[in-house]
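1. 3D model of this:
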Amino acid sequence: MEYSSIPNPNTEASSHMSRILTITASYCKGTRETLSHHCGMLGDALHKENDFALIIDGKTLKYALTFGARQYFLDLALSCKAVICCRVSPLQKSEVVEMVKKQVKVITLAIGDGANDVGMIQTAHVGVGISGNEGLQAANSSDYSIAQFKYLKNLLLVHGAWNYNRVAKCILYCFYKNIVLYIIEVSLIKLIALAEGMTDHQAFYCIDHTPFDNGNSVDYLFVGNIVYTYVVVTVCLKAGMETTAWTRFSHLAVWGSMVLWMLFFAVYSAIWPTIPIAPDMLGQAGRVMQCWSFWLGLILVPTACLLKDVVWNAGRRTVRKTLLEEVQELEARAVDPGAAVLRDASGRSLNERAHLLTRVFRKTPSSVGRSNSVQQTVSHGYAFSQEEHGVVSQSQVVRSYDTTRQRPSL
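-> Numbers count the residues shown, from 1 in each chain. This next block holds a predicted model:
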C-alpha cells in the first residue's frame, strides 16, 4: 500500500491538502486486510465524503470484488471524493457499476468511447457513448451519444434538466386527466343524491329515467357522453396551459384531440346496424348536440375548472417569475438574455446552471473569413448536433471528425 499527498487544485494555497490512497496487493487476503484497515482508520468519517482519492489497479480490483472484500471496498470508495480504477478489464468495469447500482441504490451513469466500455455502458442506468477514433461500438450501445467528452456537462445539466421537467409534467398530467374523469362522474351522482335526498343507487336510477319535454329520456349514456366531452375539452386546455413551446404538433395534439373526439362520437353513434356494435349509442350524438345546456356547459365547465390556474399563473409571472420565464420573455422580444441569466434581481451572481444557460444562449460572432462585418447568431438546439436535414448527415460528421487534430486558430 502506498500513501502520498498532493495539493488540491481547487484551493488557493497548499494549506488544504487532498490525499491519494493507492492500493496494490498480490493476493486476496492482503487486499481484504488493507481495505479493512483503511475503513477502520476513517472511523466516524466512513460513509462521508472525505478529501481522499482512491486508486486501485485491475489485479487488486479482482480481489476487492470478491465476497469477503467487496463491502470494505464499497465503503472505502464511497468515503472518497474520487475513485480511479486503472488497467481494468471490460468485465471489471461492468462489475464495479453493477455493485454500485445494486448496493448503493443510486442512479448510475457510465461513459466510454470504445468497445471495451460497452458492458459498463449497458450495465449503468444511463449510458453515454463518445463517437471517436475507437469506432462507434460505444455510441451504438449507449442511451445517448456525444462527439466529445466536454459535451457531457450540457447533456446532464441543461438538456437533462429540461427532459426531467418534461417527464415530471407528463406523469403529473396523466394522473390529472384520469382523476378528473372519475371525479366528475362520481361528483355528479353525489350532487344529485344530495339534492334529492337519495342514495347513490337511487340517484343513478333517477338519471336513467328522467324524461325530456320532447319525450326522450335522460339516461346514463346521455349524461356520460356530456361529462366525457367536458373532460376531454378541459384536460386538453390544461395541457395547452402547461405547454411552454407551441409547435405545429402541439396545436395538432391539443385542438386535434377535441375535434377527433367529436368526430368519433358522431360516427360511433351512427354505425349501428351497419356495424353490429353499440346499439345503445344509436342517435346519442344528435340528442347531445340538440341540447342547449350541453353547449352552455361546454363553455362554463372548462372555464370554471381552469380559471384558478389562469389567475394563479398570471399573478405569479407578474410578481415573481422564474429564470426560465424571464429568458423566454426576453427571447420573444429579441433581447439578449445574457444579463438576466448572469444576475438575479438583487444583482448577485447565479449558480452553475445559470452560467450553463448563458453558454447555451450566448451570441457569438461569425467567422471573420465569411464577412468583414460582425454578425451575431444565437446558438440553438443540442450542443453536440449540427444543422438538421443538412447536406452532410450526422453519421458522416461523426466518422470524419478527428479529435486529435488541432483546430486552426482564427
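
2. from here on, contacts and neighbour counts on C-alpha atoms
-> Fine.

3. where exactly do the helices run in the stretch 1-150 of the chain?
-> Per DSSP state H, counting those that start in this stretch, the stretch 1-150 of the chain carries helices over the ranges 28-42, 58-64, 70-78, 90-103, 118-123, 137-141.

4. among those helices, which is the most enclosed?
-> Compared across the helices of the stretch 1-150 of the chain, helix 118-123 shows the largest average neighbour count, a mean of 23 (mean count of other C-alpha atoms under 10 Å).

5. I'd like to know which elements that one is packed against.
-> Helices and strands touching helix 118-123, by 3 or more C-alpha pairs under 8 Å, 6 or more residues apart in numbering; DSSP states H and E, are helix 90-103, strand 109-112, strand 126-130, helix 137-141.

6. where does the chain have low pLDDT?
-> The model of the chain has pLDDT under 70 over residues 1-18, 185, 187-218, 338-410.

7. Would you map the strands across it?
-> 2-7, 17-23, 50-57, 80-86, 109-112, 126-130, 144-146, 210-211, 217-218, 363-365, 376-378 (DSSP state E).

8. Give me the domain ranges for this structure.
-> Annotated domains of the chain cover 2-151, 158-319, 323-385 [automatic domain parsing].

9. okay, these, which one's buried deepest?
-> domain 2-151 (a mean of 17).

10. so how far is E329 from the residue lying closest to L330 once chain neighbours are set aside?
-> Residue nearest to L330 in three dimensions, not counting chain neighbours: P337, with 5.9 Å by C-alpha to C-alpha, 6 or more residues apart in numbering. The gap separating P337 from E329 is 9 Å, by C-alpha to C-alpha, to the nearest Å.

11. swap in V310?
-> 18 Å.

12. just W246 next, same as before
-> Where E329 is concerned, W246 sits at a distance of 14 Å (C-alpha to C-alpha).

13. Equivalent analysis for M41, please.
-> M41 is 56 Å from E329, by C-alpha to C-alpha.

14. One more: D280?
-> Distance from D280 to E329, counting by C-alpha to C-alpha: 52 Å.

15. Equivalent analysis for L61, please.
-> Distance from L61 to E329, by C-alpha to C-alpha: 53 Å.

16. what do you get for F149?
-> Computed with C-alpha to C-alpha, the distance linking F149 and E329 is 32 Å.

17. Check R87 too.
-> To E329, R87 is 51 Å away according to C-alpha to C-alpha.

18. same deal with N225?
-> 40 Å.

19. Kindly report the same for S79.
-> With distances taken as C-alpha to C-alpha, S79 is found 45 Å from E329.

20. same deal with M120?
-> 43 Å.

21. what do you get for I55?
-> 49 Å.
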